[in-house]
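Participant: Sequence first, then the predicted structure, then my questions.
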Amino acid sequence: MSNAEAILEPRPTTTEHGRRDRAVDEVEAAFGLMARKAGLARVHERMCAVAGVDLDLPSFTLLRRLGECGPARASDLAVLSGLDLSTVSRQVASLEHVGLVERRPDPLDGRASLLLLTSRGRSVSGRLSKARRAMFAEVLAEWPEDDVERFGDLLARFARALAGLNEPSGRTAPHREGRDHRTTSTAKESS
């Protein structure tokens with residue numbers, strides 16, 4: 001048994017847990033393992049290395065969001081990225097400096113500007129997208145297709161619920177039946 005498998009083994013407790021409690025314990029253990037062994041920083045570093053790009057995580061996030069949504073105001077980009085406006089402003093200045101993002105006047109409001117990817121920014125974003133997809137394809141290569149689809153559905157649902165913890169009400173985001181996240185993510189990937 002590998003160390004990772006041992007960590008994920010159900011932990012005995014002094015009191016009898018119900019089936020749901022044991023399942024929640026397993027999710028928590030798996031989440032902890034992912035954070036320790038394949039944390040976001042490591043995943044980000046690997047994707048950047050494979051893509052031949054040197055970007056910090058907030059810049060990567062902004063580049064990806066702009067690739068997904070197209071031209072946007074800095075305030076809208078902050079909301080989409082889950083970053084504060086001051087962070088977005090600093091990161092955008094850095095991305096502009098290296099030629100990945102440019103500003104254009106907002107045709108609806110001459111006082112505002114829209115941010116968009118340059119052709120170099122689109123190229124870098126595309127390389128990062130390919131690296132991200134290749135990494136996940138490698139990790140899931142041995143899984144049956146049905147398992148990958150089910151995992152994608154459940155992980156998307158879990159991510160929405162986790163994101164809901166940050167909502168003002170403190171309640172988790174509702175699960176939306178019938179929504180096919182694969183269609184949405186495929187459209188985003190090809191942007």
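Facilitator: Structure received.

Participant: Output the below-cut-off pLDDT ranges for the chain.
Facilitator: Residue ranges of the chain with pLDDT under 70: 1-17, 37-38, 166-191.

Participant: so how far is residue 130 from residue 142?
Facilitator: 21 Å (Cβ to Cβ, to the nearest Å). C-betas here are computed from N, CA, C, even on glycine.

Participant: More neighbours: which of those two?
Facilitator: Neighbour count, other Cβ atoms under 10 Å: between residue 142 and residue 130, residue 130 has more, with 14 against 7.

Participant: How about the helix or strand encompassing the more buried one, which residues are buried there?
Facilitator: Per DSSP states H and E: residue 130 is located in helix 119-139. For helix 119-139, burial by neighbour count (16 or more other Cβ atoms under 10 Å) applies to 121, 122, 124, 125, 126, 127, 128, 129, 131, 132.

Participant: Stretch 52-68 now?
Facilitator: 53, 55, 58-68.

Participant: Name the surrounding residues that touch the longest strand along the chain.
Facilitator: Criterion DSSP state E: the longest strand present in the chain is strand 109-117. With Cβ atoms under 8 Å, 6 or more residues apart in numbering as the test, strand 109-117 has contacts from 63, 66-67, 70-74, 77, 92, 100-106, 125.

Participant: just checking, which of these belong to helices?
Facilitator: By the criterion of DSSP state H, membership of the contacts of strand 109-117 in helices covers 63, 66, 67, 74, 77, 92, 125.

Participant: Show me which pair in the residues you listed is furthest apart.
Facilitator: 74 and 125 (17.8 Å; Cβ to Cβ).

Participant: Buried among the contacts of strand 109-117? Make that a ChimeraX selection.
Facilitator: Selection of buried members from those for ChimeraX, criterion 16+ other Cβ under 10 Å:
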select :63,66,67,71,72,74,77,92,100,101,102,125
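
Participant: my guess is residue 125 meets residue 65, correct?
Facilitator: No: between residue 125 and residue 65 there is no contact under Cβ atoms under 8 Å: 9.8 Å.
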